[in-house]
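Peer 1: Sequence and predicted structure, then a few things I'm wondering about:
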Amino acid sequence: MEPENNKKKVTLERVKERLKNSLLHFKELLTMSEDTDVVATMTSIKKGVEFRGINIWILFFAIIIASVGLNVNSTAVIIGAMLISPLMGPINGIGLAVGTFDMSLLRKSLRNFSIMVIISIIASTLYFILSPLSDAQSELLARTTPTIFDVLIAFFGGFAGIVAASRKEQPFTVISGVAIATALMPPLCTAGFGIATLQFNYFFGAFYLFFINSFFIALATFITVRYLHFPIVKFVNKKKARNVKRGIALFALIVMIPSCFIAINVVQETAFNSNVIKYITEIQKQEFFSDVQLVNYKKEYHKKNSTLTLFLIGKELSAGQIDTLRNMMINDFNLNSTQLKIKHTGDVFDVNMQADVLENIISAKDTELKNKDLLVTQLNLKIDSIQKNETNYADKTTVIGQKYKRDILKISILDVSYYNTETTLNETIPTIFIVWKPTANVKAVVAELESWCPILLDVEKIKIVSQE
């Protein structure tokens, strides 16, 4: 009994040792500290915080380029502007300053960050005032409503940026990709557009997005700096050190608390928009929607009382049907605090009430027609292929019939579909149907046909069916 217990004990120890080695190997794979150049990284970030001379002009030109890209709806131009923008510098400086309790760097970063924001908004405002194009394009509109995806992109983009910047050999592709992904410039340009056109909802929405992006990039920098154990600034005067740490902690708290509420609000709004889309898709499957058409809908998110308005034409919904829609919204799609409004235009479509409804209907019909045109094209191609095969097979039957006229009375070739019950697959195989003469040497002719007919018909295999 004792040797058996010892054997189990040895086996358990081996398992523990292997598990320990696996964890150590996994830790080595994920380690970031080995290739980190702390001094060079801090020097690089501090240099990026500097904002004077050439950096001012680069920012100004980048803002104008980005504004032009947004104005003409050119994604390529916007990406080019983001690549040359120096906006990331002060944001990373704020994260580094908070992480190392460097009050002088924090003040400098905040000052230069504010200057950058002001210059960016002034430059973009001037451009849009002078620009002859005043319509809001899709690239502009995309920068007015933050979503949870913007938060995630800024947060993980910030991580990628500071990790790449901390390497001894900084990968340019990563840093360039972060500059594009985090998209700091377009919201500032959109804010300038809002001021220039006096559409302040654009200004506040875009600036809100810019603040979220900036905060989460700085937060990612702070977390990475603390994780990699960047050296904390030391003070000779302990009282001053304590005051500096308290001041930075208070600053971080003041910024973080509203940012957390903002992030929560963004998550809730994203969930609301997603649930509304699912709800709209589902309600149109109801039987009573066969006599009613949903031509448009409008959603307005508010934390306590959101609104969803449906614009319908056709047969008017009964009170019971409207109650069904409300119950579905509350019970199935978690839209408890959402008020449902029904705008019914009756049997006659009122274009003045719903200016964009006609466009939606036409767009849907265009899509339906395109799908039908595609189906017709595919069917025509199939018919052409069948007709071509029939012509080819007619020639081939003549060749075979002439070659074996002593043995074959009648011959035809058809593409036949064979279904395999075991594999549940269909396979189309050219099949030769033959009526033999009484004196035919069937076995010899079939052997010859099986050897050279696949070459004649340009196929991999054939089937031969004998008929009486």
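Peer 2: Structure's in. What do you need?
Peer 1: Then residue 460 would be within a helix, right?
Peer 2: No: counting by DSSP: H, G, I helix; E, B strand; the rest coil, residue 460 is not found in a helix; it is coil.
Peer 1: All the strands of the stretch 201-350 of the chain, in order from the start?
Peer 2: Ranges of strands in the stretch 201-350 of the chain, per DSSP state E, counting those that start in this stretch, are 292-300, 306-314, 338-344.
Peer 1: May I ask which helix or strand of this protein has the lowest mean pLDDT?
Peer 2: helix 172-182 (a mean of 52; mean pLDDT, DSSP states H and E).
Peer 1: rewinding a little: of all the strands of the stretch 201-350 of the chain, which one comes closest to residue 427?
Peer 2: strand 292-300 (44.4 Å; CB to CB). To be clear about C-beta, it is placed using only N, CA and C from the backbone, and glycine gets the same treatment.
Peer 1: For that closest one, what does the pLDDT average out to?
Peer 2: The average pLDDT for strand 292-300 rounds to 79.
Peer 1: Using CSV, list the CA coordinates for it.
Peer 2: Extracted in CSV, the C-alpha atoms of strand 292-300 (Å, rounded to 0.1, in the frame of the first residue of the first chain):
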residue,chain,number,x,y,z
VAL,A,292,-49.0,47.8,-43.0
GLN,A,293,-45.7,49.0,-44.2
LEU,A,294,-43.0,50.4,-41.9
VAL,A,295,-41.5,53.1,-44.0
ASN,A,296,-39.2,54.8,-41.5
TYR,A,297,-38.4,55.0,-37.8
LYS,A,298,-36.7,57.5,-35.5
LYS,A,299,-35.0,56.7,-32.2
GLU,A,300,-34.0,59.2,-29.5
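Peer 1: relative orientation of it and strand 306-314 in degrees?
Peer 2: Orientation of strand 292-300 against strand 306-314 (axes from the mean of the first three to the mean of the last three CA atoms, to 10 degrees) gives an angle of 160 degrees.
Peer 1: Buried ones in strand 292-300, by neighbour count?
Peer 2: The neighbour-count check on strand 292-300 (16 or more other CB atoms under 10 Å) flags 292, 293, 294, 295, 296, 297, 299 as buried.
Peer 1: Turn these into a markdown table, including distance to residue 373.
Peer 2: As requested, these are exported to a markdown table (distance: CB to CB, whole Å):
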| residue | distance to residue 373 |
| --- | --- |
| 292 | 28 |
| 293 | 23 |
| 294 | 25 |
| 295 | 24 |
| 296 | 26 |
| 297 | 29 |
| 299 | 33 |
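Peer 1: nearest to residue 205, of those residues?
Peer 2: When those are ranked by distance to residue 205 (CB to CB), residue 299 comes first, at 15.5 Å.
Peer 1: That closest one bridge partners, please.
Peer 2: Beta-bridge pairing of residue 299 under DSSP bridges involves residue 308.
Peer 1: Isn't it up against residue 306?
Peer 2: Yes: between residue 299 and residue 306 a contact is recorded at 7.3 Å, counting by CB atoms under 8 Å.
Peer 1: Find residues that contact each of those two.
Peer 2: Common contact partners of residue 299 and residue 306 (CB atoms under 8 Å, 6 or more residues apart in numbering): residue 272.
Peer 1: what's in contact with stretch 405-424?
Peer 2: Contacting residues not belonging to stretch 405-424 are listed as 386, 389, 393, 396-397, 400-401, 425-437, 439-442, 445, 457, 463, 467 [CB under 8 Å, 6+ apart].
Peer 1: next helix or strand past the helix or strand encompassing residue 16?
Peer 2: Using DSSP states H and E, residue 16 sits in helix 2-30. The element immediately downstream of helix 2-30 (helix or strand, assigned by DSSP H and E) is helix 38-49.
Peer 1: Apart from its neighbours in sequence, what residue is nearest residue 224?
Peer 2: In this structure, residue 224 finds its nearest non-sequential neighbour in residue 162, 4.5 Å apart by CB to CB, 6 or more residues apart in numbering.
Peer 1: Quick one: residues contacting the one you found.
Peer 2: Taking CB under 8 Å, 6+ apart as the criterion, residue 162 is in contact with 92, 95, 220, 221, 224, 225.
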